[in-house]
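Trainee: need coordinates for the below:
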Amino acid sequence: MTTLILLSLGLAMDAFAAAVAQGASSRPNRSTALRMSLAFGLAQAIMPLLGWGLGIAFAAVMASVAHWIALALLSGLGLRMIKEGLDRHPDQPIKELSLWPLLVVAIATSIDAAVAGITLPSFGAPIVLACAVIGLTTALLTYPGVYLGALVGARIGKWAEVLGGLILIGLGVKIFVAQQYFGG
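Mentor: This is a model prediction of the structure:
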């Protein structure tokens, strides 16, 4: 169980960082934090189940493209945030993530969980329990991450959106480099 919790914490870090970035670039409220927690938690719970279901037969294919997908999705969203941050007048409010961008970020930050799902049988815990622990851990870390980002964002103003975009691009690059050069 300790190994499963450590895996859950590791998988949740990308979602936590994305939550901090969104919190820094918007004026979040409970609804925003709850939506992000649910979206990220559900994505992190479903993706390992998907990875487990696809099984070892497709592990090489998943591992060979997952980092490219994460890089493209997170970099695209990050670049959009940077552009909007630089174009935005200081008095103009920042938009929170709408449904589709929220789902894209949730899925992009959980692609590594799909690959990790292949290893779930080695943990000895039932697959559904393991997926629930991963999803719950992510949801519990995402919620305060949004508010932590808001604290930082309130201090740096319009540049918070630019910083949030850079963080998303950095996450994409981190996922890509870790998988491409270090195998995970």
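
Trainee: measure Y181 to K174 for me?
Mentor: 11 Å (C-beta to C-beta, to the nearest Å). The way it works is simple: take the backbone N, C-alpha and C, and place the C-beta from them, glycine included.

Trainee: count of residues packed around L166?
Mentor: 17 (other C-beta atoms under 10 Å).

Trainee: any idea which element it lies in?
Mentor: Taking DSSP states H and E as the criterion, L166 maps to helix 159-182.

Trainee: give the buried residues for that helix.
Mentor: Across helix 159-182, burial judged by 16 or more other C-beta atoms under 10 Å covers 160-169, 171-176, 179.

Trainee: which strands and helices sit next to that helix?
Mentor: When contacts are defined as 3 or more C-beta pairs under 8 Å, 6 or more residues apart in numbering; DSSP states H and E, helix 159-182 sits against helix 2-24, helix 59-87, helix 111-117, helix 127-156.

Trainee: how about the helix or strand of the chain with the lowest mean pLDDT: buried residues?
Mentor: Least confident element among the helices and strands of the chain, by mean pLDDT, DSSP states H and E: helix 59-87 (a mean of 76). Neighbour counts over helix 59-87 (16+ other C-beta under 10 Å) mark 62-63, 66-67, 69-71, 73-78, 81-82, 84-85 as buried.
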